[in-house]
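> please find the sequence and the predicted model below.
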Amino acid sequence: MEVGQEKELKVPPEQGYGEDKPELVQTIDSKLFDEAEITPEVGMVLKTPHGNCHVTKIMDDKIEISYNHPLAGKTLDYKVKVINIEKK
């Protein structure tokens with residue numbers, strides 16, 4: 001690419017954050033959040049002894065969490081433009 005040139009790129013899941021793995025999704029009792037005085041919200045990131053996870057669904061008495069990366073399973077679309085080229 002040259003300065004000023006633009007390009008659109010698509011990165012499929014297998015070349016990005018990987019496929020969404022169902023085995024990394026868990027449903028837990030909402031009492032755990034109540035006991036910890038946490039109000040869950042979809043997208044909220046939680047630090048657990050097993051690593052970071054995020055809330056994906058809130059049901060009446062259950063909360064779904066996922067240890068997948070939030071972008072797992074998604075095709076990433078990028079639009080890039082070369083602003084400058086520097087030589088070392």
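Nice, I can see it. What you see is a predicted model, and the numbers here were worked out from it, not measured in a lab.
> residues contacting the residue positioned nearest the centre of the chain?
Nearest to the geometric centre of the chain sits P70, at 1.2 Å (Cα atoms, centre = their mean). By Cβ atoms under 8 Å, 6 or more residues apart in numbering, the contact set of P70 is 43, 54. For every residue, glycine as well, the C-beta is placed using N, CA and C.
> V3: what secondary structure?
coil (DSSP: H, G, I helix; E, B strand; the rest coil).
> just to check, it is in contact with E86?
No - between V3 and E86 there is no contact under Cβ atoms under 8 Å: 10.8 Å.
> who has more neighbours out of these two?
Neighbour comparison, V3 and E86: the larger count goes to V3, with 9 against 4 (by other Cβ atoms under 10 Å).
> which non-adjacent residue is nearest that one?
Nearest non-adjacent residue to V3, counting by Cβ to Cβ, 6 or more residues apart in numbering: V82, 5.3 Å away.
> run a quick neighbour tally on that neighbour.
12.
> next one: C53
19.
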